[in-house]
Structure formats: structure tokens, C-alpha cells
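>>> Sharing a sequence plus its predicted fold:
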Amino acid sequence: TNKYKEYFNVKTAVAVFSQISGKSSKIWIKKYLNPRPLSNSTSSPSINQPSSESSRFKQFYWLTKRYFNIKINDKVNSLLMLLQAPIIAILICLIFKQITSAVLFMIAISAIWLGTQNAAREIVSEKAIYKRERMFNLYIFPYIFSKISVLSFFSVIQSMIFMFILYIHYNGSGVSVDINNTLFLFFWMVFLSISAAFLGLLLSSLVKTSERAMTILPLILLPQIMLAGLISRVSNGLVEFISYFTISRWGVEGFNIIQENIIENYIDPLSGGLVKVKEDALKLLLKQFHKSYRNNDIFGSLTGTITLDILAVSLMVIVMTLFIYKILKNKDSITIK
């Protein structure tokens with residue numbers, strides 16, 4: 001089983017993939033390139049894939065296993081990826097002494113950041129491998145969901161660490177409002193993080209290099225911050241409509257629904273001192289959105305419910321999955337039936 005390592009003169013499977021992807025892949029491509037034309041026809045040649053549905057499940061299993069092993073063997077990057085969650089959570093605890101709307105906003109943005117950043121390089125970094133395997137018999141959907149399965153595993157661990165730190169801090173002494181429904185908050189964070197991973201994979205499928213993916217990543221995350229409804233009040237219908245296409249818009253609302261109560265600081269007009277007031281988290285957030293949403297003009301009875309939040313994010317995930325599939329399909333250098 002170690003012959004392939006000897007052939008490539010490496011010690012781990014990860015090192016093999018490093019050699020056959022990126023800049024070093026050109027050596028191997030040139031070595032095994034077949035200069036003979038595939039066909040005299042001007043039309044693209046085709047490769048027939050096996051039609052059995054079981055082959056898709058087999059591909060999904062082996063792709064997931066391979067991808068998971070690559071992640072586990074790449075201990076440094078995997079550890080750095082996992083360490084992001086406790087670092088962000090500890091910073092939130094140090095800055096915010098009480099559960100406020102800002103804390104819920106930061107949890108949502110952190111979930112989106114972790115999910116998107118985890119996935120942003122996962123397709124583009126192995127595009128040479130993908131193309132070769134696609135020319136053989138690789139199905140696209142098993143490939144996509146093998147990525148999501150492994151990324152979901154890391155999202156669960158990150159969210160678990162993140163919420164555990166927040167639970168310890170905000171359920172301690174001196175906190176006016178405890179963190180509510182911690183388990184539900186954990187599941188919601190996992191849901192947002194996995195949904196954001198699809199956004200990261202979409203970015204990864206669009207760009208040509210890993211460096212470009214990381215350059216564009218902040219441009220994708222900035223609208224998530226600006227359109228969530230907390231940084232600035234949504235004052236017109238156009239901005240309200242655009243915000244419906246961001247995960248953060250529904251993610252922040254979901255956290256406010258689950259948490260129920262928060263502490264907000266106000267200036268007492270008489271004494272001029274700082275007063276801490278217990279507020280309904282959802283009602284406070286709804287004041288930040290456009291009146292068309294607050295007045296139930298668009299979604300009716302679903303307005304301000306976790307059901308609408310789940311439906312909105314799920315619909316975006318479906319659309320992103322179809323876009324990823326289409327983009328990867330367009331990368332085919334030959335027609336695969």
C-alpha cells in the first residue's frame with residue numbers, strides 16, 4: 001500500500017496530492033500527456049459513465065474517506081482551522097459582558113465566516129485532480145457532498161467549542177440574562193456554518209487560484225455584515241430585498257428568536273447614567289428592518305419565525321448547489337454522458 005509513496009518519494013498521502021496539484025502538477029501532466037488526438041471529429045469526444053446508482057454512493061463514500069484522511073493528515077492546517085472558533089469565542093466573552101444584540105450578531109457572522117473560510121479553497125486547490133477524475137468517471141454531486149460532509153464534521157466541532165465557551169461565560173455570576181436554549185443555539189450555528197460552506201465552495205468553483213479565493217472572500221463577507229440589520233437600520237425596500245439573499249439576514253434573526261431576551265444599554269435622560277434594560281431580542285431586531293417586513297406585507301404569518309429563517313437559508317443552499325454543479329460541469333474538457 002506504500003508503493004505510491006515510494007513512487008512519489010514522499011511520506012504521506014497529503015504530500016502526493018501536493019505534488020499532483022498546483023505548480024508542481026505540470027511535471028506530471030507533461031510526463032503522462034498523450035499527444036495523439038482523441039478523435040478526428042470536430043465535436044468533443046465523450047466518455048460513458050456507469051449508470052448504476054450504487055456507483056454514486058460508492059464514489060461518495062470513497063471521496064469522503066479520502067478527503068477526510070487528507071484533512072486529518074494535514075494536522076497543522078486542520079488545527080489552525082479548529083483554533084479559530086475558541087479564539088473568536090474568547091474575544092466575544094472579553095468584549096461583551098452581557099448577552100446583547102451585538103453578541104448574537106457576532107455569533108451569526110462567526111458561523112458564516114468559519115463555514116465560508118473552511119471551504120473557500122477546497123475545490124480550486126485540487127482542480128487538476130478533479131479534471132482528471134472527472135474525465136474518468138467522477139460524478140459531480142457525490143464530489144460536492146463529499147466536501148460538505150467533511151466540512152460539516154469540522155463545523156460541528158467548531159460550533160461545539162464556540163458555544164461551550166459562551167455557555168460557561170454567559171451563565172456565570174454577574175450576568176443579568178443567561179444564554180438561553182444553548183443546544184438550539186448550537187444547532188442553529190451548525191446549520192449556518194454548513195450553509196456558509198456551500199457559499200465557500202461556490203467561490204472556490206468560480207476562481208482560478210486559491211490566492212484569488214482568499215482575496216475575494218472578504219468582499220463576500222462584507223455584505224453579510226452590512227445587510228444583517230444590526231450595523232445600520234434597513235431604511236428602504238431595495239436594501240431590504242437585497243438582504244433576503246444573505247445568510248446573515250436570516251441567521252441573525254434566528255439567533256434573536258432562540259435567545260428571546262437580551263440586555264441593552266441606554267442613557268438615562270434624567271441622570272445621564274448608563275442603564276441596563278432587559279429587552280425582547282426579536283422585537284428589538286425587527287425595528288431595524290424595513291416596514292414592509294415588520295408589517296407582514298411580504299411573508300405574512302411567517303414573518304419573524306424560525307420557520308421562515310430555515311426556509312430562506314435552505315433555498316439559498318439549493319440554489320448555490322445547483323450553481324456549483326453547473327460551474328463544475330462547464331469545466332469539462334470532454335463530454336461525459
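Nice, thanks for sending it over. Numbering: from 1, shown residues only.
>>> tell me which residues in the helix or strand hosting L203 are buried?
Assigned by DSSP states H and E, L203 belongs to helix 182-206. Across helix 182-206, burial judged by 16 or more other CB atoms under 10 Å covers 182, 185-186, 188-205. Just so you know, the C-beta spots here come from the backbone N, C-alpha and C atoms, and that holds for glycine as well.
>>> Then stretch 143-156?
143-152, 154-156.
>>> Now for V207, how many residues are close by?
Neighbourhood size, V207 [other CB atoms under 10 Å]: 19.
>>> After the lowest-mean-pLDDT helix or strand in the chain, which helix or strand is next? Please name it.
Scoring the helices and strands of the chain by mean pLDDT, DSSP states H and E places strand 46-47 at the bottom, with a mean of 44. Reading on from strand 46-47 to the C-terminus, the next helix or strand found by DSSP H and E is helix 53-73.
>>> pLDDT weak spots in the stretch 1-150 of the chain?
1-4, 13-14, 17-19, 21-54 (pLDDT under 70).
>>> now the helices for it?
Using DSSP state H, counting those that start in this stretch, the helices assigned to the stretch 1-150 of the chain run over residues 3-8, 13-19, 25-32, 53-73, 75-95, 101-119, 127-136, 140-170.
>>> for those helices, which one ends up most surrounded?
helix 101-119 (a mean of 24; mean count of other CB atoms under 10 Å).
>>> Which elements pack onto it?
helix 75-95, helix 140-170, helix 182-206, helix 210-226, helix 247-259, strand 261-267, helix 281-286 (3 or more CB pairs under 8 Å, 6 or more residues apart in numbering; DSSP states H and E).
>>> If you average pLDDT over each of the ones you listed, which is lowest?
Confidence, taken as mean pLDDT, is least for strand 261-267 of these (a mean of 79).
>>> ok, it: who's next to it in the sheet?
Sheet pairing for strand 261-267, assigned by DSSP bridges, gives strand 274-280 (antiparallel).
>>> Buried ones in the partner strand, by neighbour count?
E279.
>>> Report the mean per-residue pLDDT for that strand.
Strand 274-280 comes out with an average pLDDT of 81.
>>> Can you give the distance from that strand to the centre of its chain?
Counting by CA atoms, centre = their mean, to the nearest Å, strand 274-280 is centred 33 Å from the centre of its parent chain.
>>> Give me the contact list for that strand.
98, 176-177, 260-268 (CB atoms under 8 Å, 6 or more residues apart in numbering).
>>> Among the residues you listed, name the buried ones.
98, 177, 261-263.
>>> Identify, from those residues, the entry nearest to N118.
I262 (28.5 Å; CB to CB).
>>> ok, the closest one to R121 distance?
36 Å (CB to CB, to the nearest Å).
>>> Ok, Q158 next?
17 Å.
>>> I194 now?
Counting by CB to CB - I194 and R121 are separated by 17 Å.
>>> just N73 next, same as before
17 Å.
>>> same check, this time on T307
For T307 relative to R121 (CB to CB), the value is 34 Å.
>>> quick one: which of those two has more around it?
R121 (22 against 11).
>>> need the contact list for the more buried one.
By CB under 8 Å, 6+ apart, the residues touching R121 are 204, 210, 213-214.
>>> and the two most separated of these?
For those, with distances taken as CB to CB, the pair at the greatest spread is S204 and M214 (10.3 Å).
>>> Identify the contacts common to those two.
120-121.
>>> other SSEs contacting the helix holding L203?
Here helix 182-206 touches helix 101-119, helix 140-170, helix 210-226, helix 247-259, helix 306-330, going by 3+ CB pairs under 8 Å, 6+ apart.
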